[in-house]
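Novice: Output the structure for:
(2 chains)
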Amino acid sequence: MSQAETARRASPLWTLGLFRSELLTTFRRWRTLALLGVLAAVPVLVGIAVRIETGDGSAAGGGGGEGPAFISQVTNNGLFLVFTALAATLPFFLPMAVGVVAGDAVAGEANAGTLRYLLVAPAGRSRLLLTKYATVIAFCLVATLVVAVSALAVGALLFPLGDLTTISGTRIGFAEGLARALLIALVVAASLTGVAALGLFVSTLTNSGIAAMATTVGLLITVQILDQIPQLSALHPYFFSHYWLSFADLMREPVYWEDLTKNLGLQALYAAVFGSAAWARFTAKDITA
Amino acid sequence: MGEASATGPDTADPRPDGADPRPGTEGTRRFPADAGPGTVDAGDGVIVTRALTKRYRGGQLAVDGLDLIVPAGSVFGFLGPNGSGKTTTIRMLMGLIEPTSGTAHVLGRPMPRSARAVLPRVGALIEGPALYGFLSGRDNLLRYDAADPTADPRTRRARVAAALDRVGLTAAAGKKAKAYSLGMKQRLGLAAALLRPRRLLVLDEPTNGLDPQGMREIRALVRELASDGTTVFLSSHLLDEIEQVCTHAAVMARGRLVTQGAVTDLAAGARGRLVVTTPDTGDAARVLKEQGVADVVVAEDRVTGEAPERDLAEVNAALVTAGVRVRGFGVERASLEDAFVALTGEGFDVAG
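Specialist: Presented below is the predicted three-dimensional model:
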């Protein structure tokens, strides 16, 4: 409070104050809570659908058509609903939610005019961008955990729990199955860091939060479609979504690491390339909003 | 133009119309119009710019070779029509926009390079307040304070409470900011600028959206801060506000600095208007024109015109000789608004 305080140097620990403030601001936004609500509802819908379909004793997915991975196992073990729900939300719901939060990160602040006040505070441009990215990563983790926890709760309520069979056919205990589910959730969260960096870069290009969100989600859909076109197979390994479903390999015995490491490497590449691009853009940008 | 000069003296002159019985005494207070630049000392300038220029990507020259000096301890009014480059200048001073060429020093250090060292000691309200509508007023301030890496988190709540109290928002501190009126948002923006002791306050249109009572409070606050030694850099459209509050002023037009200096010198630079109060307005207007008074305007029992260079006693004598019954005769001191219109060649609120 005294005049001497103005001369005080910034403590490295205090810079974490901005990160905490950013987390609070993001997770108190009604939109963030709505996105998490939608994500929590997906396992509920899948669980109820499987329960109704298998009410007559037939196996899930057996009635024709394919469901998400592991869906046929859900009736035997509720834990499989975690894997099913993550496989169902990873192609679209999860990255869309991340795209909304990442796209809005800088552009939304610019749109509201709050960006200029954060910068004259002075938040520091690199520090603010790093905080924004860390917050989006935190959102990736929270969003994935919301899906996983909701699926675990629904699975425990509607289906039996117990030892489970891996894709390779070996049996593992419930505790180890739970540990693998957590590991899979972490890998899924890490799979979203590439699209998070892409969204943050788009966010530094415009002063409209809506435009940045729409562009990021549009890019996501485009990449998902291109990834399905066989003629473009040469490009597929470079699409951020290409190895997403490799998390299923964690349910093999022994674990098949090749696609998992490719996926994590690709996400790191996206984070490095688009993170640098966002930094170059944001630190040199004239803030006119 | 005509309307501006007709309303100007009313707002600036506290005396009743035409009540000055001493002909010509006010006329001697006129100074040459070029009393502006050079009257402030560059040595202790809180803001010093040299040939500061900003050309936007489209090629538009927003600020053109600006040499601005804001003396320490002054309340500095920054005037100019919309689009004259005021906001671009303020954004360059705050490190938000990179100058195309030229330099800007704030608190003696170059901007935007030293932003992290300079800005914690600067409070700013730029182009109106910007708030998180879903957060309460108090939480908005907590967030802005958290953005400052040199602000002590241990005193954060106390400083936020003090800032809210200073702008009269304590009662509404827990309310969501989206429910605030424009005036309350403006006050919250000011509170954000007052979160810590500042050496410089940059206030862009600080009374915008406030009712007359709120305007008076903010002006009192600005005077109080200035008396504590804080330099206040204030942009405003309200010329009488600048005249009431500011010690110094600068005028911009079309990206260039037209003049800067002490407010009294600037206002004195504009020529005053001769005012004759008489029941015989028709005769008075005719005689004044014969005496070489230009731009004669008759309004009710007042005849006004541009004060001539000659001795005003002779003009008065001519009126009396012609049988005009004179109730009052004098020169009304020019307001800053007159000076502004004379300098920019246009009214304020005009896009440049």
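
Novice: which helices and strands does the helix or strand in which B:Ile47 is found pack with?
Specialist: Using DSSP states H and E, B:Ile47 maps to strand B:45-55. Counting contacts by 3 or more C-beta pairs under 8 Å, 6 or more residues apart in numbering or on different chains; DSSP states H and E, strand B:45-55 packs against strand B:61-66, strand B:69-71, helix B:86-93, strand B:101-106, strand B:231-235. For glycine as for every other residue, the C-beta is placed from the backbone atoms N, C-alpha and C.

Novice: pLDDT (mean, whole number) over the very next helix or strand once past the shortest one?
Specialist: The one in question is strand B:69-71. Later in the chain than strand B:69-71, the nearest helix or strand by DSSP H and E is strand B:75-79. Per-residue pLDDT over strand B:75-79 has a mean of 91.

Novice: got the contact list for the residue in the stretch 101-250 of chain B that chain A sits nearest to?
Specialist: For the stretch 101-250 of chain B and chain A, the shortest gap (C-beta to the nearest C-beta) falls at B:Ala130, measuring 2.9 Å. B:Ala130 makes contact with A:Ala112, A:Gly113, A:Thr114, A:Arg116, A:Tyr117, B:Gly189, according to C-beta atoms under 8 Å, 6 or more residues apart in numbering or on different chains.

Novice: all helices in chain A, in order from the N-terminus.
Specialist: In chain A, the segments counted as helices under DSSP state H are A:16-27, A:30-53, A:80-89, A:93-112, A:114-120, A:125-158, A:174-191, A:193-205, A:209-226, A:258-284.

Novice: Nearest to A:Tyr238, out of those helices?
Specialist: Of all those, helix A:258-284 sits nearest to A:Tyr238, with 7.5 Å by C-beta to C-beta.

Novice: by contact count, what packs against the closest one?
Specialist: Judged by 3+ C-beta pairs under 8 Å, 6+ apart, the packing partners of helix A:258-284 are helix A:125-158, helix A:174-191, helix A:193-205.

Novice: just those helices: most buried one?
Specialist: Across the helices and strands packed on helix A:258-284, averaging neighbours per residue (mean count of other C-beta atoms under 10 Å in any protein chain shown) puts helix A:193-205 on top, at a mean of 27.

Novice: so does that helix get close to chain B?
Specialist: No - Helix A:193-205 stays clear of chain B (C-beta under 8 Å from any C-beta of the partner chain), getting no nearer than 14.1 Å.

Novice: Residue in chain A with the shortest distance to chain B?
Specialist: In chain A, the residue that lies nearest chain B is A:Gly113 (2.9 Å; C-beta to the nearest C-beta).

Novice: pLDDT at residue 249, what is it?
Specialist: No chain specified, so I'll use chain A. 88.

Novice: should've been chain B
Specialist: pLDDT recorded at B:Ala249 is 89.

Novice: give the contact list for the closest residue to it other than its chain neighbours.
Specialist: Distances taken as C-beta to C-beta, 6 or more residues apart in numbering or on different chains put B:Gly77 closest to B:Ala249, at 3.8 Å, once the chain neighbours are dropped. Residues counted as contacts of B:Gly77 (C-beta under 8 Å, 6+ apart) are B:Leu234, B:Ser235, B:Ser236, B:Ile242, B:Val245, B:Cys246, B:His248, B:Ala249, B:Ala250, B:Val263.

Novice: swap the cut-off to 10 Å and go again
Specialist: For B:Gly77, the contacting residues are B:232-236, B:238-239, B:241-251, B:260, B:263, B:266, B:336, by C-beta atoms under 10 Å, 6 or more residues apart in numbering or on different chains.

Novice: Looking at those, which are in helices?
Specialist: Those of those mapping onto helices are B:Leu239, B:Glu241, B:Ile242, B:Glu243, B:Gln244, B:Val245, B:Val263, B:Leu266, B:Leu336, per DSSP H.

Novice: where along chain B do the helices fall?
Specialist: Counting by DSSP H, the helices of chain B are B:2-12, B:86-93, B:115-118, B:137-146, B:156-166, B:182-193, B:212-227, B:239-245, B:263-269, B:281-290, B:312-321, B:336-344.
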